[in-house]
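> Okay, predicted coordinates and the sequence, questions at the end:
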Amino acid sequence: MKVAIARDSRFLKHLTGHGHPEHPARLRSVYKMVDENFKSKLIVIEPEPIALENLELVHTQMYIQKVLKTADHDFTSLAPDTPASSQTYLAAWLAAGACLTCLHALMANECDAGFALVRPPGHHALPDRAGGFCVLNNLAIAARYAIARQGFSRVLIVDWDIHHGNGIQDVFYQESKVFYFSTHDVLLYPYTGHSRETGKGEGLGYNLNIPLPRQAKDSDMAHLYREILDRLVGRLKPDLILVSAGFDGHRRDPIGRSLWSEDAFRQLTRCLLHACGQIGQVPVLFALEGGYEPVSLANCVHSVIKELLDGDPDTKPPGHRSRLAEDLIRKARTRHASYGIWTD
């Protein structure tokens, strides 16, 4: 596969203060890993700040102005857990813009997959407020832009960050053009994403939450994603897949509580590629979300990029059976059976 990444040193200018988990060293570690391992193998895209009219596809004008006003202060706060420096607005504008830049590269067939290596992350950001270290909802904006401006008709968002993407869910909860699939720990912030949250109105059934037990291991996640993605992609036939790529499920993450290794994310990527291969080439865009231990974060991103570059869509994902995963799949299918969207 041809893989493009979006990167920019200006993301490092979003300063969060001493001791905050979402700090610039996260991205420095990722960029160092990329330079040491993939420098000549990736297409590097320079992001551009997002246009105001595209921000307004998701965020309110009042909130956008609030973010812009942080430029007037060396240090301020958008939410109790989401600090901002004078350059935060620029990093946030670039992060959302990087996703659109990658999307354009995918549409122009310049690459088969894109990875926006950005900060601040996005999946907790709501239309009118920040939260969970997130300022702008990068992938929600990308999904709305793809549908409203570029003619896509069905978008699948896969969120494997260990924290539930309440912002993405909120934006699309009553819509049917975007299917949101998330696995996460409901005992962690933002304490949402219960299985009963399946959508509303036109969006009923287009929101799939699978809360994870903390004893879930790499093999459990591989089984779960293999079965769910094969069915989801095969039934939905999305024309665009967005991946909310958080790596705070790693066992060394300081604010996650999970047991996964970096190989779990390689296997999840393999499951995604295999599912896509069943319906033909589908553009896939990854955007960096969580992952707060710099070394393990870089190792996890390495696993995903290497699988994208070297993986074969025709190669089946790992076939290990997992009773834990089978139980989660059974519960999800039972909950969604009456909607008939991805279940029989």
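Looks like it arrived, so ask away.

> Asn166 and Leu328, how far apart?
20 Å (Cβ to Cβ, to the nearest Å). For glycine as for every other residue, the C-beta is placed from the backbone atoms N, C-alpha and C.

> His20 now?
For His20, the distance to Leu328 - Cβ to Cβ - is 33 Å.

> Tell me which of these two has more neighbours.
More crowded of His20 and Leu328, by other Cβ atoms under 10 Å: Leu328, with 23 against 13.

> Hmm, Leu224 and that one touching each other?
Yes. With contact defined as Cβ atoms under 8 Å, Leu328 counts as touching Leu224 (5.9 Å).

> what residues do these two have in common as contacts?
Counting by Cβ atoms under 8 Å, 6 or more residues apart in numbering, the common neighbours of Leu328 and Leu224 are Ile210.

> Point me to the helix or strand that includes the nearest residue to Asn37 once chain neighbours are set aside.
Residue nearest to Asn37 in three dimensions, not counting chain neighbours: His302, with 6.2 Å by Cβ to Cβ, 6 or more residues apart in numbering. His302 belongs to helix 294-310 when assigned by DSSP states H and E.

> Tell me the helix or strand right after that helix.
Remark: after helix 294-310, the chain's next helix or strand is helix 323-336, criterion DSSP H and E.

> same for that next one, what does it pack against?
Helix 323-336 sits against strand 207-211, helix 218-236, with contacts defined as 3 or more Cβ pairs under 8 Å, 6 or more residues apart in numbering; DSSP states H and E.

> One more pass at 6 Å, please.
Using 3 or more Cβ pairs under 6 Å, 6 or more residues apart in numbering; DSSP states H and E, the elements in contact with helix 323-336 are helix 218-236.

> Pull out the buried residues from the helix it packs on.
218-233, 236 (16 or more other Cβ atoms under 10 Å).

> tell me the angle it makes with helix 323-336.
For helix 218-236 against helix 323-336, the angle by axes from the mean of the first three to the mean of the last three Cα atoms, to 10 degrees is 30 degrees.

> Now do helix 218-236, average pLDDT.
Taken as a whole, helix 218-236 has an average pLDDT of 97.

> for stretch 264-271, same thing?
Averaging pLDDT along stretch 264-271 gives 97.

> same question, stretch 281-289
Average pLDDT, stretch 281-289: 96.

> again, but for stretch 19-27
Averaged across stretch 19-27, pLDDT comes to 98.

> For the nearest residue in space to Thr269 that is not next to it in sequence, give its distance to Ala222.
Ranked by Cβ to Cβ, 6+ apart and with sequence neighbours excluded, the top spatial neighbour of Thr269 is Glu307, at 4.3 Å. Per Cβ to Cβ, Glu307 is found 12 Å from Ala222.

> helix or strand for Cys276, which one?
Using DSSP H and E, Cys276 maps to helix 262-277.

> Now do that helix: which elements does it pack against?
Applying 3+ Cβ pairs under 6 Å, 6+ apart, one finds that helix 262-277 makes contact with helix 218-236, helix 294-310.

> Switch these over to TSV; also include distance to Ala71.
Listed next are the helices and strands packed on helix 262-277 as TSV, based on distance: least, Cβ to Cβ, whole Å:
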stretch	distance to Ala71
helix 218-236	40
helix 294-310	27
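
> out of these, nearest to Gln150?
With Cβ to Cβ as the criterion, Gln150 lies closest to helix 218-236 of those, at 18.2 Å.

> who's in contact with the next helix-or-strand element following the closest one?
For helix 218-236, the following helix or strand on the C-terminal side (DSSP H and E) is strand 240-245. By Cβ atoms under 6 Å, 6 or more residues apart in numbering, the residues outside strand 240-245 that reach it are 123, 139, 146, 152, 155-159, 161, 165, 282-286, 288-289.

> Only C-alpha atoms, please: export strand 240-245 in CSV.
What follows is strand 240-245, C-alpha atoms only, in CSV (Å, rounded to 0.1, in the frame of the first residue of the first chain):
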residue,chain,number,x,y,z
LEU,A,240,-14.8,5.9,3.5
ILE,A,241,-13.4,4.5,6.7
LEU,A,242,-12.0,6.8,9.4
VAL,A,243,-10.0,5.4,12.4
SER,A,244,-9.9,7.1,15.7
ALA,A,245,-6.5,5.7,16.5
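
> Off-centre distance for it?
The chain centre lies 6 Å from the centre of strand 240-245; the measure is Cα atoms, centre = their mean, to the nearest Å.

> Then stretch 153-173?
In terms of Cα atoms, centre = their mean, the centre of stretch 153-173 is set 8 Å apart from its chain centre.

> and Pro198, what does it touch?
Careful, residue 198 is Thr and not Pro. When contacts are counted by Cβ under 6 Å, 6+ apart, Thr198 touches 205, 207.

> For my notes, confirm it occurs in a strand.
No. Thr198: not assigned to a strand; according to DSSP: H, G, I helix; E, B strand; the rest coil it is coil.

> So what does it have for phi and psi?
phi -110, psi 0 (degrees, to the nearest 10).

> Would you mind measuring from the residue nearest the centre of the chain to Lys32?
The chain has Ser244 as the residue nearest its centroid, 0.6 Å off, counting by Cα atoms, centre = their mean. Counting by Cβ to Cβ, the gap from Ser244 to Lys32 is 23 Å.

> Please name the nearest non-neighbouring residue to Val44.
Excluding the flanking residues, the one nearest Val44 by Cβ to Cβ, 6+ apart is Ile5, at 6.0 Å.
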